[in-house]
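>>> coords please:
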Amino acid sequence: MNQPIVFCDSFSVALGKGPDMADITAELQRVLAASGVDQGVLSAFVTGSTGSLTSIEYEPGVVADLRRAIERLAPPDAVYEHEKAWHDGNGHSHVQAALMGPSISLPVRGGRLHLGTWQQVIVVNHDARARRRSVEVTIWGTTNQSP
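As a prediction, this is how the structure comes out:
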């Protein structure tokens, strides 16, 4: 019997000065396993206006390429209106995070994240200082477990 379920959880990740990245695929899979959802959707959201989530092949070459691309999109040494107002050194961080986005939705099939062979989910800290990022997870779907 398929039982509908909504499951919420969170975890945090320590990251260095941005852009710094961490693979959170295993942690998302752990939360998914705890939910009991067999078929559905996992949605993850990083709190804070200088963090983002995406998926990549998490290997050193792609990570380095993504870091460089992020810095080219919104260079730390450019002029930002945010800097003029707040003088906190992270105007670029807000723009980088906004361009990448704070959330990701992933299909759940057979109780597993349905990702490509070389695809992992990462959290990115864009801030000009190290941060502990909170990732909020909501999973909805069905379970084959009996009530």
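>>> I'd guessed Met100 sits against Ala69; true?
No - the criterion here is Cβ atoms under 8 Å, and Met100 misses it with Ala69 at 10.1 Å. Where C-beta positions appear, they are placed from N, C-alpha and C, glycine not excepted.
>>> Please identify which of those two sits among more neighbours.
More neighbours surround Met100 than the other of Met100 and Ala69, with 19 against 10 (other Cβ atoms under 10 Å).
>>> now the more buried one, nearest residue through space, not along the chain?
Spatially, and ignoring its direct neighbours in sequence, Met100 is nearest to Ser52 (3.6 Å; Cβ to Cβ, 6 or more residues apart in numbering).
>>> For the least confident helix or strand in the chain by mean pLDDT, buried residues please.
Ranked by mean pLDDT, DSSP states H and E, the weakest helix or strand in the chain is helix 81-86, scoring a mean of 88. Neighbour-count burial for helix 81-86, counted by 16 or more other Cβ atoms under 10 Å, picks out no residue.
>>> thinking again about what came up before, ok, the residue nearest to Met100 - how many residues close by?
26.
>>> How far away from the center of its chain is the longest helix seen in the chain?
Counting by DSSP state H, the longest helix found in the chain is helix 60-73. Chain-centre distance of helix 60-73: 16 Å, with Cα atoms, centre = their mean, to the nearest Å.
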